[in-house]
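[1] quick check, what structure comes out for this input:
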Amino acid sequence: MRNRQRGAYSFLFLVVLIAGGLLVFALGADGARLYAQQRILQQQADAIALAAAQDAQACGGWNASPGQVLQTANEAAARAGYSGTLSSDNVLLGVMESVDQRLRFVPVNDIQRSNAVYVALTEERPRSLLVPGRISGTTTLRATAAAKKELVASVSAVGSTAVVGGTQDNANLLGAVLGGLLGSPGSFSLTPTDLQSLSSTLVSVGDLLSATGVATVAELLLLDGEVLALALRGLSTGLTPATQILDALLINAGIDTVRITDVIEVVGDAQIPPESNFPLYDLLVGLVLNVAEGQVFQFPATGLNIGIPGVVLVETNLTIAINDAPAIVTGPARQDASGAWLTRVESPDINIGLEAIVNLGLFEVLTLGNIRIPIVVQTGVGDASLIAARCAGGMSNAVEFRLDASSSVARLRTAVIDELTGVIVQEPINTAVGTIYVPLVGTVTVLNISADVNADVQGDRQLLDYQAELVGGRPEEKGIDTGYGDPQYVGAGAQGLATQVQVQVSVLQGIDSTLLSAILGILMISVNALLNGVTGLLDNVISALLGDLISPLLSALGADLGEAAFELVDAQQSRPQLIHGIEILEDQ
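    You can find the predicted model right below:
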């Protein structure tokens, strides 16, 4: 009897042991199954977030829209095997940014602020496949992922290539201006080859880090302009024009007031990698204009001509007042919370006065002689905002950028700039010129020239597109084929300006017009022909002063007569950022 009881107990214990083992196995199998399903759901969320972030504002090009982001998310979900339908409730547009050295996600309603997408997936699954559902119940699996993709551009309005290919006169003029701004007029003798060398020489951020002895770009941007000038001086060995300009910069009292962030500006949390390259010309001119900002400079400019036969520039004086200096700006193509585009570059705001003594030479038998022509050009600020960027993706390394760019209104006046105050004082041309020998009367001055230039060159607005091929996240090369590294212009400059300059020439009162007409008639010249001829000549002279001297000078400094030049000087696409369990902040 006892043996039977022991046998029954042993059998019962074996049954319990087997049942317990089966339960443990079932729990383990269900746990492994749920873990595997959770991993699959997380992988699906990751894939969806990464795909949808490609269509956020900072990466999605000029057709970015919430609808496109949601469509891309659903297409990615189907490819990943997720069976649900996604909506704006579980696919959120937003900004991924660093707050207190931690990445946070801020949902936004306006796609133009976005650089990231947050995805939240849920699935209901039975807790067990072995235990009846009524007993075990169901569990909710949840997976979240936030992905950030951003294409960053560096844009310059300094105009590094605007003077390349110009004439020797233009190069001389720029040399005189740079020398005048730095307190050493006549010290820089530039050639078109010098300008080509300066514009084609690239300086890498890595070289600047090494030259300044700092480890990061953040540290570099905290330094002042003198440190930047010293670093460029060391990196430009063998480039005589650059070293001369930098030597003059380093002894200029204003260099200590300039900071590197005045020349190289980084927007938000954008990053400049050490491999980034900036044109040496842009850095040099940016430094010079920042040193000169807020001051008035007056100096002679010699050795120039305007290419009109028989007309000679006897004396030329330039007055320049710099109001706003430019910077190379690096940032993404998206807006801030106020609706302003983050990456915005401006051309310099410059007033330039040209006071020229011009010998008009001869017109038929009339010796026209010298005339003083004072002209002031007031340039506003041309600007460009980076409004779209299309990231590389899939099998393509191509990236695209779009700038909403505008040139300024340029105002032209017969006036002078007060050397001490910078105030523009109206001063029209009103002078008597032209001598002719009249028998029985002698040599007399016969013509009165009156000119009051009061013209505006209207600015323009255009969308400028740039393309580049990336290798390792950086542009592969510069060239016309890609549109990367080639400046684009907004505005017509000085073209058509001759028709805007109004000049009046008349016979002086007190001259016997009948006698003059008779003498000119003997010489087969009519009074009207004389007046029209001198009017056309002076009109051409004033237009040439604007188009051949002032316009190239402004262009070399990053501005022009109603025209602005913008250049994509560098680009970067970093690796996507994928974060699980990111903290979500409310939009402020």
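
[2] was I right to think I579 contacts A145?
    Yes. Using C-beta atoms under 8 Å, I579 is in contact with A145, at 7.2 Å. Every C-beta, even on glycine, is put in place using the N, C-alpha and C of the backbone.

[3] give the burial count for the spatially closest residue to I373 that is not a sequence neighbour, as a bare number.
    Of all residues not flanking I373 in the chain, A356 sits nearest, at 4.9 Å (C-beta to C-beta, 6 or more residues apart in numbering). Residues near A356, counting by other C-beta atoms under 10 Å, number 22.

[4] for the stretch 101-250 of the chain, what are the low-confidence residue spans?
    Residues of the stretch 101-250 of the chain that meet the criterion pLDDT under 70 lie in 127-137, 159-166.

[5] what segments of it are helices?
    Secondary structure of the stretch 101-250 of the chain (DSSP state H, counting those that start in this stretch): helices at 133-136, 168-181, 192-200, 205-212, 217-220, 225-235, 240-250.

[6] and among these, the most buried is which?
    helix 168-181 (a mean of 22; mean count of other C-beta atoms under 10 Å).

[7] other residues contacting that one?
    With contact meaning C-beta atoms under 8 Å, 6 or more residues apart in numbering, helix 168-181 is reached by 163, 185-192, 194-195, 241, 245, 248, 288-289, 291-292, 297-305, 318, 320, 322, 548-549, 552-553, 556-557.

[8] again, but for stretch 283-292
    With contact meaning C-beta under 8 Å, 6+ apart, stretch 283-292 is reached by 158-160, 178, 181-182, 198, 203, 225, 228-229, 232, 242, 245-246, 249, 252, 254-255, 257-258, 262-264, 320, 322, 325-328, 348, 556-558.

[9] related to what we said a few turns ago, nearest to A392, out of the helices of the stretch 101-250 of the chain?
    Relative to A392, the nearest member of the helices of the stretch 101-250 of the chain by C-beta to C-beta is helix 205-212, separated by 21.2 Å.

[10] nearest residue to the middle of the protein?
    Nearest to the geometric centre of the chain sits V155, at 3.1 Å (C-alpha atoms, centre = their mean).

[11] wait, V119 sits on T144?
    Yes. Counting by C-beta under 8 Å, V119 touches T144, with 6.8 Å between them.

[12] so between those two, which is more surrounded?
    Neighbour comparison, V119 and T144: the larger count goes to V119, with 27 against 21 (by other C-beta under 10 Å).

[13] distance of that one from Q577?
    Using C-beta to C-beta, to the nearest Å, we find V119 at a distance of 14 Å from Q577.

[14] what sits against A80?
    Contacts for A80 (C-beta under 8 Å, 6+ apart) come out as 43-44, 47-48.

[15] go through those and flag which are in helices.
    Counting by DSSP state H, these place 43-44, 47-48 in helices.

[16] neighbour-wise, give me the winner out of those.
    I48 (29 neighbours).

[17] let's have the contacts of A80 in JSON lines, adding pLDDT and distance to Q54.
    Shown next, in JSON lines, are the contacts of A80 (pLDDT from 0 to 100; distance: C-beta to C-beta, whole Å):
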{"residue": "Q43", "pLDDT": "94", "distance to Q54": "18"}
{"residue": "Q44", "pLDDT": "93", "distance to Q54": "17"}
{"residue": "A47", "pLDDT": "95", "distance to Q54": "12"}
{"residue": "I48", "pLDDT": "95", "distance to Q54": "11"}
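
[18] which of those lies closest to L209?
    For the contacts of A80, the nearest to L209 is A47 (36.9 Å; C-beta to C-beta).

[19] ok, the nearest residue to the closest one once chain neighbours are set aside to M96 distance?
    Spatial nearest neighbour of A47, excluding adjacent residues (C-beta to C-beta, 6+ apart): A80 at 4.5 Å. The gap separating A80 from M96 is 21 Å, by C-beta to C-beta.

[20] now do T421
    Counting by C-beta to C-beta, the gap from T421 to M96 is 50 Å.

[21] of the two, who's got more company?
    M96 (25 against 10).

[22] which residues does L549 contact?
    Neighbouring residues of L549 by C-beta under 8 Å, 6+ apart: 169, 173, 304, 306, 316, 354.

[23] quick check: which element contains the fifth one?
    It refers to T316. strand 312-324 (DSSP states H and E).

[24] surely T212 meets A231?
    Yes. Contact criterion C-beta under 8 Å: T212 and A231 qualify, at 5.1 Å.

[25] partners of the residue nearest to the centre of the chain in the sheet?
    V155 has these beta-bridge partners by DSSP bridges: V329, L568.

[26] with I375 instead?
    According to DSSP bridges, beta-bridge pairing links I375 with L354.

[27] pLDDT below threshold where in this structure?
    Applying pLDDT under 70 to the chain flags the ranges 1-31, 33-34, 127-137, 159-166, 302-303, 438-441, 473-474, 476-485, 492-527, 587-588.

[28] so after the helix or strand where A77 lies, what's the next helix or strand?
    A77 belongs to helix 66-80 when assigned by DSSP H and E. With elements assigned by DSSP H and E, the helix or strand that comes after helix 66-80 is strand 91-99.

[29] quick one: buried residues of whichever strand or helix holds I350?
    Element membership of I350, judged by DSSP H and E, is strand 349-359. For strand 349-359, a neighbour-count test (16 or more other C-beta atoms under 10 Å) marks 349-356, 358-359 as buried.
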